[in-house]
Structure formats: C-alpha cells, structure tokens
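1. from the sequence below, what's the structure:
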Amino acid sequence: MISYGKETKLKPEQVIEKAVQFFGPGGAGLEITEQGEACVRFEGGGGYVSITCCEGEKRTQVSLESREWEYQAGQFVGKL
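-> The predicted structure follows:
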C-alpha cells in the first residue's frame, strides 16, 4: 500500500475528472465504486485506488491511497 499527498491549482472536480479518465474504464480499466464531488474510489485487479480532495484558498490538497496500483498512482500524481 502507498499514500501520496499533492497540492495542485486544479479544482477538486477537475482532479476527480482526471482520475476517472486515468483509472476508470477508459483508462486503467478499474471499476468506480464510489464517486462524489471531492472523492472517488476505484477497485479492480485485487486492489484499489482512493482519492480525496480538499479545496483551500489557492490550492487543492489531494490525498491518494493505493494497493496493487502503486506504479499507476505515482504516474497520476506526477501529472497533477
């Protein structure tokens, strides 16, 4: 299991949209098991990816936790 934290200028809904494109059915092929305005959870391949966002005054804090998808999680965080 791995956890990442990242700040971005993107709004939470933009981060979630990018996550769905990257990890979802059209990307890595994971199933979306939970989705809200500032959070999303994917499952598949014996693991999961969970992303939550918290919007601040100037930046959004992104927290990502993953099991079995550590490499892809690192790629996604690097693109934010």
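
2. where do the strands of this protein begin and end?
-> Taking DSSP state E, the strands of the chain run over residues 2-8, 31-35, 39-44, 47-55, 60-67.

3. and the last one, what does it pack against?
-> Pointing back at strand 60-67 there. strand 2-8, helix 12-23, strand 47-55, helix 70-79 (3 or more Cβ pairs under 8 Å, 6 or more residues apart in numbering; DSSP states H and E). (Glycine included, C-beta is placed from N, CA and C.)

4. tell me the centre residue of this structure?
-> residue 51 (3.9 Å; Cα atoms, centre = their mean).

5. ok, that residue touching residue 39?
-> Yes - in this structure, residue 51 is within contact of residue 39 by Cβ atoms under 8 Å, at 6.5 Å.

6. anything in contact with each of the two?
-> Shared contacts of residue 51 and residue 39 (Cβ atoms under 8 Å, 6 or more residues apart in numbering): residue 16.
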